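> Here is my input, please return the structure:
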Amino acid sequence: RGFDGMAEEFPRTLDSDGQLTADSIHYITVALQERDGKGLRHPAAPAADHPFLQAIELANDKGWVHGELAGLGSIIVAWQCDQSPETLIAWLDRCKVRRKPIEMGISRDELLKGLEFCPTYFKDETSGLDLDSIMGRDPAVDDRFESLWQFLNR
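Numbering: from 1, shown residues only. Below is the predicted model:
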């Protein structure tokens, strides 16, 4: 099952109020097991969604909903690498996953702080993490941040 199929099928597992059901949890579990190796293909985008999640939470000493934050990380990577972030946004919207920082309770300053921490976190000698990703090499923290913020919250 491809991502388009998952985005089509998953909303059917939600209840009439759009809330998770036992079927939803089962669907997520199976989809996660099947998703490995189906990520973004750009060489600067390997597996940066979860390390971004960890970086922003550590930088802000605060937690958010795991799946939403991983989805946001994927959108940011796709935006930075020009790898069709609109496709990810469409999938998340179809699945009723919040993906706008303002909807998730992430302030402009919190997102910027998390992105600024990525280069340190992605090359952490203490943990042994050494991830070569656009999020670590060149996160959108300079003049690109405002464009990213506007894109994410539109």
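> Contacts for stretch 138-148 next, please.
Counting by Cβ atoms under 8 Å, 6 or more residues apart in numbering, stretch 138-148 makes contact with 76, 79-80, 112, 115-116, 118-119, all of which sit outside it. Using the backbone N, CA and C atoms, a C-beta is placed for each residue, glycine as well.
> Any quick PyMOL command for the buried ones out of these?
Buried members of the contacts of stretch 138-148, defined by 16 or more other Cβ atoms under 10 Å, are picked up in PyMOL with:
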select buried, resi 76+79+80+112+115+118+119
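> Just the ones of the contacts of stretch 138-148 in helices?
76, 79-80, 112, 115-116, 118-119 (DSSP state H).
> Any chance of these in a markdown table with pLDDT and distance to residue 58 as columns?
Rendered in a markdown table, the data for the ones in helices among the contacts of stretch 138-148 read as follows (pLDDT from 0 to 100; distance: Cβ to Cβ, whole Å):
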| residue | pLDDT | distance to residue 58 |
| --- | --- | --- |
| 76 | 93 | 17 |
| 79 | 93 | 22 |
| 80 | 90 | 20 |
| 112 | 97 | 15 |
| 115 | 96 | 13 |
| 116 | 96 | 12 |
| 118 | 91 | 10 |
| 119 | 90 | 13 |
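> State the phi and psi torsions of the residue nearest to residue 60 when sequence neighbours are not counted.
Counting by Cβ to Cβ, 6 or more residues apart in numbering, the nearest residue to residue 60 once its immediate chain neighbours are dropped is residue 110, at 5.0 Å. According to degrees, to the nearest 10, the main-chain angles of residue 110 amount to phi -70, psi -40.
> Go ahead and confirm residue 110 touches residue 62.
Yes. Taking Cβ atoms under 8 Å as the definition, residue 110 is a contact partner of residue 62 at 7.2 Å.
> How about residue 69, nearest residue that isn't a chain neighbour?
The nearest residue in space to residue 69 (Cβ to Cβ, 6+ apart) is residue 53, at 4.5 Å.
> where do the helices sit along the chain?
If DSSP H is used as the criterion, the helices of the chain fall at 3-9, 22-35, 49-60, 66-81, 85-94, 101-104, 108-122, 134-137, 144-152.
> Of all the helices and strands in the chain, which has the lowest average confidence?
Per-element confidence for the chain was summarised using mean pLDDT, DSSP states H and E. The lowest value among helices and strands belongs to helix 22-35, with a mean of 68.
> Cool, thanks, signing off.
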